[in-house]
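Trainee: here is my input; please provide its structure:
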Amino acid sequence: MCTAGNSYLLISLGVCMTIGIIYCETLESEIKALTRGIAEIGYMEPMPWGLHIDPDKLLNEVRGKIRSLQDRVDVIVLGYGRCQAMDRLGSGFKVPVLRPEAEDCIGILLGQDGYDAELQREPGTWFLSSGWTRMGIDFVFHELQINHLGPKGIDPLKLARRMLDGFSRALYIDMGTDPDGKALWDRAGRIADDLGLRLERTNGSYDLLKDTLARALALNAADK
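Mentor: As a prediction, this is how the structure comes out:
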């Protein structure tokens, strides 16, 4: 009999099922914090950050990973939002594939309504999750697709500041579970300073990730 370490995921399971999780590495600390002690999770694999820059590549990589895993698990959870691609994922897989209903990783951590509200409050907002913050200013260059310009004698930081001229705020998403929280907050401050942005903090939520895992577990109960 499987047991789950997180009470919100206990769904009267009579038979052990296996859940596989494929996720963007920017969500690694949140995924690991959420899934710790859940025995039904038999497989977890991070995918490289930044794949969303090329949506077709992201789609192909995730589809390939699903197909390589689908004979070994009962259900697959994706640690991805729509990310400009996942609405084209399709359904021709051997097992159910679930993901949070959000536009991207920021929507997952804030809830899509919370994400939209922050953008409405201040459209010029650059969001910093713990994963993005760990990567530092290089992730900003990658996101703006200027990371290759340094060797050409172009200062990517100066160019990033020009490209983000309409931005005024960096918003750090505090999930309240990261042991490196103080160091990450300090690092977020350095990123904001480099970009000439005001730094603010907001609380994130695990609700969308919890709901997706609960739906995965519930599929087993529904099949009995």
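
Trainee: check the offset of stretch 71-82 from the chain's centre.
Mentor: Centroid separation for stretch 71-82 versus its chain: 13 Å, with CA atoms, centre = their mean, to the nearest Å.

Trainee: repeat that for stretch 18-38.
Mentor: Worked out by CA atoms, centre = their mean, stretch 18-38 lies 10 Å from the chain centre.

Trainee: quick one: end-to-end length of it, please.
Mentor: 10 Å (CA to CA, to the nearest Å).

Trainee: buried residues in it?
Mentor: 18-31, 33-35, 38 (16 or more other CB atoms under 10 Å). Glycine gets a C-beta too; all of them are placed from N, C-alpha and C.

Trainee: in contact with residue 69, which residues?
Mentor: Neighbouring residues of residue 69 by CB atoms under 8 Å, 6 or more residues apart in numbering: 20, 22, 43, 45, 76.

Trainee: and the third one, helix, strand or coil?
Mentor: Translated: residue 43. Using DSSP: H, G, I helix; E, B strand; the rest coil, the secondary structure recorded for residue 43 is strand.

Trainee: can you tell me the closest non-neighbouring residue to it?
Mentor: Leaving aside its chain neighbours, residue 43 sits nearest to residue 20 (4.0 Å; criterion: CB to CB, 6 or more residues apart in numbering).

Trainee: neighbouring strands for the helix or strand in which that neighbour is found, and are they parallel or not?
Mentor: Element membership of residue 20, judged by DSSP states H and E, is strand 19-24. Here strand 19-24 has these sheet partners by DSSP bridges: strand 41-47 (parallel), strand 75-79 (parallel).

Trainee: give me whichever of those strands is most buried.
Mentor: strand 75-79 (a mean of 24; mean count of other CB atoms under 10 Å).

Trainee: what about that strand, average pLDDT?
Mentor: Averaged over strand 75-79, pLDDT sits at 97.

Trainee: give me the helices and strands touching the next helix-or-strand element following the strand holding residue 20, please.
Mentor: Downstream of strand 19-24, the first helix or strand assigned by DSSP H and E is helix 28-35. Here helix 28-35 touches strand 19-24, strand 41-47, helix 130-135, helix 207-223, going by 3 or more CB pairs under 8 Å, 6 or more residues apart in numbering; DSSP states H and E.
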